[in-house]
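# generate a structure from the sequence data that follows.
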Amino acid sequence: MAIEDNKVVGIEYTVKDAETGEIIDSNVGQKPLKFIVGKGQIIPGLEKEIKNMSLGESKTVTVKAEEAYGLPDENAVQTLPREQFAGIDLQEGMTLYGQGEHGETVQVTVKSFNDKEVTIDFNHPLAGKDLIFDVNVKEVRDATTDEMLSGRVQEDEHCHDGSCGCGH
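Next up is the predicted model:
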């Protein structure tokens, strides 16, 4: 049975680099990762596979880079004056966080640097990588009206007295 759009799904997962087999991330033994199907909250290739799963099902899924974090974009690599990084102990490969033009948080990787300039990469660190997910569907339920409107999954713990701002 397929999982439709606007369902809240909770998954337990381990993700590995398909090339090296190295574990990149896992939430096994922790709270499931919850998202609303059809809202683009997880990578497209994984969401597409999860839609074909059912509650309690486990599956190993390979997601190609194009349906994960995309292919690296050479236009996303920029060289900036070293002065913009004053006070930062730069190291190649380190991750820095900054602010994008719309106030959003952006993550960049330091590719190289010298006394005059710093080359940074705005590509996601997993861009260009095929990923393998071991995924288990732990929860499937209808999204509430609030979740549909906000696009965010509400936590299961509920106050029942209005102190959480729910209006009860």
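# what does the helix or strand bottoming out on mean pLDDT in the chain rub up against?
The weakest-scoring helix or strand in the chain, judged by mean pLDDT, DSSP states H and E, is strand 95-99 (a mean of 87). Contact with strand 95-99 is made by Ile88, Thr105, Val106, Gln107, Val108, Thr109, Val110, Ile120, Pro125, as judged by Cβ atoms under 8 Å, 6 or more residues apart in numbering. The way it works is simple: take the backbone N, C-alpha and C, and place the C-beta from them, glycine included.
# quick check: next helix or strand after that strand?
Next along the chain after strand 95-99, taking DSSP states H and E as the criterion, comes strand 105-113.
# need the mean per-residue confidence for that following strand.
The pLDDT scores in strand 105-113 average 92.
# try stretch 27-40
95.
# straight-line length of that stretch, end to end?
20 Å (Cα to Cα, to the nearest Å).
# pull out the buried residues from it.
Using 16 or more other Cβ atoms under 10 Å as the test for burial, stretch 27-40 gives Pro32, Leu33, Lys34, Phe35, Ile36, Val37, Lys39.
# stretch 19-28 too?
Residues of stretch 19-28 classed as buried by neighbour count (16+ other Cβ under 10 Å): none.
# then stretch 49-61 to PDB, C-alphas only?
C-alpha atoms of stretch 49-61 as PDB (Å, rounded to 0.1, in the frame of the first residue of the first chain):
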ATOM      1  CA  GLU A  49      10.900   5.100  -2.200                       C
ATOM      2  CA  ILE A  50       9.200   5.600   1.100                       C
ATOM      3  CA  LYS A  51       5.900   6.300  -0.700                       C
ATOM      4  CA  ASN A  52       6.000   2.700  -1.900                       C
ATOM      5  CA  MET A  53       6.600   1.300   1.600                       C
ATOM      6  CA  SER A  54       4.100   0.500   4.400                       C
ATOM      7  CA  LEU A  55       4.100   0.900   8.200                       C
ATOM      8  CA  GLY A  56       6.600  -1.500   9.800                       C
ATOM      9  CA  GLU A  57       8.500  -2.200   6.500                       C
ATOM     10  CA  SER A  58      12.300  -2.000   6.300                       C
ATOM     11  CA  LYS A  59      14.100  -1.500   3.000                       C
ATOM     12  CA  THR A  60      17.600  -0.700   1.700                       C
ATOM     13  CA  VAL A  61      17.400   2.100  -0.800                       C
END
